[in-house]
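In: let me see the structure of the following:
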Amino acid sequence: MPTKKHRPTTPVRRFMTTLERPDVSSKRPEKALVRGMKRSGARDNKGQVSVRFRGGGHKRRYREIDFKRDKDMVPARIAAIEYDPNRSAHIALLHYADGEKRYIIAPSELREGDVVMSGTAIGARTRSGETLEVRSGYAFPLATIPVGTVVHNIELKPGSGGQLCRSAGSGAQLLAKEGKFATLRLPSGEMRLVYLGCRATVGVVSNLDHSNVTLGKAGRKRWLGRRPHVRGVVMSPRDHPHGGGEGKSPIGRKSPVSPTGKPTLGRKTRKKKHQSDKFIVRRRGAK
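Out: Numbering: from 1, shown residues only. From the prediction side, this is the model:
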């Protein structure tokens with residue numbers, strides 16, 4: 001899906017780019033798989049702002065996504081590839097042979113009319129004659145997927161539903177299998193152990209050009225629910241530790257800090273003894 005440039009009729013249009021989506025359906029989403037979303041305004045249960053510079057944005061409805069892919073040995077036809085305002089990836093509407101309908105994260109190579117399935121073993125046959133193969137959109141436990149395959153929507157615990165590699169254009173490579181674990185190389189460069197019983201979907205997530213889009217104007221950022229981001233040095237000392245002073249002044253500290261006074265910009269925030277440390281073979285950025 002290439003990006004589209006516009007004529008520079010205004011300063012805003014000069015650098016703005018949008019995505020061309022010829023394969024994305026323009027029909028309304030499946031009514032039974034859509035529910036309303038309540039806005040929090042980035043506030044916690046006490047009504048205090050927990051995440052700054054969030055709010056507003058276009059009204060959205062949530063599409064219920066099947067992250068578990070646990071409907072085994074039932075072929076499903078892709079009825080439509082749809083836009084989802086709640087994520088960067090596109091979603092695919094599946095019509096199963098038994099009449100059920102579900103949404104999944106759409107892999108990049110799938111098109112309307114293709115057939116996908118999920119199961120526990122590669123090579124198994126359904127009653128109608130379809131065979132489980134290592135093809136884009138098929139979901140299996142990591143134990144049955146060949147080494148070297150690129151996968152997405154990966155579970156961290158068997159049966160918990162996919163949690164890794166769900167954003168646009170992402171995918172992890174299966175590097176090895178040893179004992180109870182499979183070794184995956186994530187898009188960040190991190191190498192991580194995942195249980196062989198965890199499921200994953202073959203292929204790369206759709207909408208590969210999402211990162212190439214230039215918003216071009218502040219209004220498009222507001223449509224996404226992002227309010228203006230203000231520097232701490234231009235605030236008052238009551239609102240930020242960097243604030244105050246006469247005119248344009250430095251931060252007045254040895255290192256930058258967050259609004260609550262904690263060191264930032266390079267400060268490691270991960271716990272030194274995190275429960276998932278034992279599953280990380282190599283951290284991202286490590287040489």
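
In: can you list the low-confidence ranges for this protein?
Out: Low-confidence segments of the chain (pLDDT under 70): 1, 287.

In: care to break it down by domain?
Out: When the chain is parsed with automatic domain parsing, its domains come out as 3-211, 230-287.

In: which of the ones you listed is buried the deepest?
Out: domain 3-211 (a mean of 16; mean count of other CB atoms under 10 Å). All C-beta atoms are positioned from the backbone trio N, CA, C, and that covers glycine.

In: endpoints of that one, how far apart?
Out: End-to-end distance of domain 3-211: 10 Å, with CA to CA, to the nearest Å as the criterion.

In: the domains of the chain: which one's closest to Leu224?
Out: Evaluated with CB to CB, those place domain 3-211 nearest to Leu224, the distance being 5.8 Å.

In: off-centre distance for the closest one?
Out: Here the centre of domain 3-211 is set off from its chain's centre by 8 Å, with CA atoms, centre = their mean, to the nearest Å.

In: ok, now stretch 249-268?
Out: On CA atoms, centre = their mean, the centre of stretch 249-268 falls 30 Å from the chain's centre.

In: stretch 234-243 too?
Out: Worked out by CA atoms, centre = their mean, stretch 234-243 lies 34 Å from the chain centre.

In: residue boundaries of the helices in the stretch 1-150 of the chain?
Out: Assigned by DSSP state H, counting those that start in this stretch, the stretch 1-150 of the chain shows helices spanning 11-15.

In: mind listing the helices for the stretch 151-287 of the chain?
Out: 218-223.

In: ranges for the strands of it?
Out: 154-155, 162-164, 172-178, 181-185, 191-195, 199-202, 280-282 (DSSP state E, counting those that start in this stretch).

In: columns distance to Lys68 on top of those, output as CSV?
Out: Output for the strands of the stretch 151-287 of the chain, formatted as CSV (distance: least, CB to CB, whole Å):
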stretch, distance to Lys68
strand 154-155, 8
strand 162-164, 8
strand 172-178, 18
strand 181-185, 18
strand 191-195, 15
strand 199-202, 7
strand 280-282, 24
